[in-house]
Structure formats: C-alpha cells, structure tokens
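A.B. asks: return a 3D structure for these sequence lines:
(one chain, ligands or ions: 1)
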Amino acid sequence: MFILVTGANGQLGRSIKSLVKQQKKSDNFVFVTRDQLDLSSISNIQNFFKIHKFDLIINCAAYTEVDKAESFKKEADMINHIAVKQIAEIANRNNIKFIHISTDFVYDGLKDSPYSESDITSPLNIYGKTKLDGENAILSIMKSNAIIIRTSWLYSEYGNNFVATILRLIKNSSYLNIISDQIGTPTFAGDLGKAILNIIKSDKFNAVETGSEIYHYSNNGECSWYDFAKEVVNNSGAKCTINPIKTEDYPTAAKRPKHTIMSKEKISKEFDLKIMFWKDSLKYCMKSITILSLLNKE
Ligand SMILES: NC(=O)c1ccc[n+]([C@@H]2O[C@H](COP(=O)([O-])OP(=O)(O)OC[C@H]3O[C@@H](n4cnc5c(N)ncnc54)[C@H](OP(=O)(O)O)[C@@H]3O)[C@@H](O)[C@H]2O)c1
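C.D. replies: Modelled structure (predicted):
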C-alpha cells in the first residue's frame, strides 16, 4: 500500500512518522507538509493528486487554532471542510481509502455519560462546526472506504499542546490557575498513531469494500484540565501549585464543551485495540520529552 500523510509537521503527523520509522515501514509512506501540499487552495489539491497516486490518504492536517477560528472562519472552513471535501471527491473517484481525524468538539458537552458515535452533534464553536462539516462532506461523498476518527485533547512530544504549555509555565511560576469544570480525556498522539497503523493493517480495513464509518479514539479515563495539569506537574517533579478555576474565570473567544467523554467501545472491538489509561500515556510521553530534550542538548 502507498500511503500519503498530510500535516507532517503537526503533532499527529510527526507521531505517525516516528512510528513508521521505528517499524521500518518508511518506504510505503509519503509525509507532506503545508509547503508540499497547501490545503488552502482547491487547485493545489487537484494538481497534487493529478501527479501523485496513492492507495490511502491519512489526513492529519487541520486548522486547529480553536480561538483564532472564531475570527478566521473562512480560513478554518477552507482547511477543515472544503479541502476535506475535495480530498474525499478525489479519493472516491480514484478508489483511494481515506482516514480523516475529527474532534470531540463536534459535541455540545451537555451529555453526562460517554458519547457514542451515533449521538447528536451540536458544535459550540467555529472550529467544531468546520470539523463537523468536513465529516459530513466525507460521509455524503464516500459511501465506502472512509474512516473518521474523532479524538480529544491531543498532546505529544511535538509542537504546541497543553503538556508543553504547562511545562513551560511552571519554569517561572509558583502557581497556575487551571480550569476544573471542563471534563474530557487526554489523548497521546503516539497512541492514536499506533491505533491508526494497527487499523490499516487489519483485515477489516483491507476488505475490498467497507462502508464508511465514524469512530471515537482517546485514551481511557477522564479528567479536568486542572487534573491534567496536576499530573503534568507531579510527573515533572516541579514545585508549582495548581489552583482550580471555573470556565467563567478564564474567558476565551471560542466556547468549549463542558463534558466530552467518548466511548471507545466501537473502535476497540472492531479493530481489537488495547487503549491505554491517560495517566500511563502521559508518563510515557513526558519521559520521551525528557529524552528528546537531552538529545537536542548533545
Ligand atoms: N490538538 C488537539 O487537541 C485536537 C483535539 C481533537 C482533534 N484534533 C484533530 O486531530 C488532528 C491532528 O491534530 P494535531 O494536534 O496533530 O494538529 P496540529 O499539530 O495543529 O497540526 C496540524 C497540521 O496541519 C497543517 N496545516 C494547517 N493548515 C494547512 C494548510 N493550509 N495546508 C496544509 N497543511 C496545513 C499544519 O501545518 P504547519 O505545521 O505548517 O502549521 C500542521 O502541521 C486534526 O484533525 C485536529 O483537528 C486535535
């Protein structure tokens, strides 16, 4: 199988690249950054796929700046919806399989038990709305061969994310105020990357014609941002007090859902995946961050 991964400089793109290298599968994969495939132009996308042929596209690229999207609606819609629709049309015409990543922000967070994939979506912000429009475009164009994976609170060794932010802030602060009334599940991008690589190896995925499906994937368990920050501080060994605050005390441009735990039953059963507990994955990621920073200092 010849596989294209977009968003190669992002958290998930870089995580998949690192896993593929470890598994010595690099020959099957092409990783493209924004410079090589800019999704902000339809003609760019069309020209790219006229020249380059693939069996599978894994779309890790997205407009992920949730607050900025409130003022840059057109830009967010272009990457998260219009470009995704264009890729789905190309995939459908050329019998290419498509794995696309979406978000728990398609939900309004008012359900106090875990969301299942068939629950009603009702995004509270522009980012969530554009991601949902992208999902719907795929499902209306590709009756088969597409997988949409909704994930949440993604972090990794790479780029900007909550763990990196907390590690940066605790260097110069004796205390931090962190929101305690938004509940979700952190997802280590390395775990999601492994799940995607296992899915593409599976018999189910490689069956000739599989109906398009939505799945949820996060780590197991649940926490607030406050719990998440406390765990980062505990693992780091730093001395910094984390104070719980309410959403109202930290106004942001985009409204965020209060409770978006997602059931992973469907993905774990259908692809026989073992899902890690969030605290264990966080520990693993923080060890990798330490190793990477020591290597960079050498
Ligand atoms: N991060 C989260 O907490 C979270 C939560 C739920 C779902 N998700 C979803 O998970 C997926 C992976 O997220 P992530 O955290 O890995 O995202 P990320 O680190 O922000 O990476 C996104 C990548 O998309 C690329 N991109 C943006 N605009 C582009 C354009 N016009 N053309 C081509 N590439 C473009 C970026 O390129 P540059 O590097 O050049 O900017 C970046 O490398 C996304 O679909 C996201 O919506 C993320």
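A.B. asks: distance of residue 90 relative to residue 97?
C.D. replies: Going from residue 90 to residue 97 by Cβ to Cβ, to the nearest Å gives 12 Å. C-beta: built from backbone N, CA, C; applies to glycine.
A.B. asks: again, but for residue 39
C.D. replies: Plainly put, residue 39 is 19 Å away from residue 97 if you go by Cβ to Cβ.
A.B. asks: and for the one residue in the chain that gets nearest to the ligand, nearest residue in space, chain neighbours not counted?
C.D. replies: The chain approaches the ligand most closely through residue 10 (2.1 Å), counting by Cβ to the nearest ligand atom. Distance criterion Cβ to Cβ, 6 or more residues apart in numbering; nearest residue to residue 10, sequence neighbours excluded, is residue 60 at 5.5 Å.
A.B. asks: for that neighbour, the count of nearby residues, please.
C.D. replies: 26 (other Cβ atoms under 10 Å).
A.B. asks: and it, what pLDDT?
C.D. replies: Here the pLDDT value assigned to residue 60 is 98.
A.B. asks: same question, residue 298
C.D. replies: The predicted local distance difference test score for residue 298 is 58.
A.B. asks: low-confidence ranges in the protein?
C.D. replies: Using pLDDT under 70 as the threshold, the predicted model of the chain has low-confidence ranges 297-298.
A.B. asks: so in it, which helix runs the longest?
C.D. replies: helix 278-297 (DSSP state H).
A.B. asks: between residue 90 and residue 97, which has more neighbouring residues?
C.D. replies: Set side by side, residue 90 and residue 97 show unequal neighbour counts under other Cβ under 10 Å, the larger going to residue 97 at 22 against 19.
A.B. asks: doesn't residue 54 fall inside a helix?
C.D. replies: No. Assignment of residue 54 by DSSP: H, G, I helix; E, B strand; the rest coil gives coil, placing it outside any helix.
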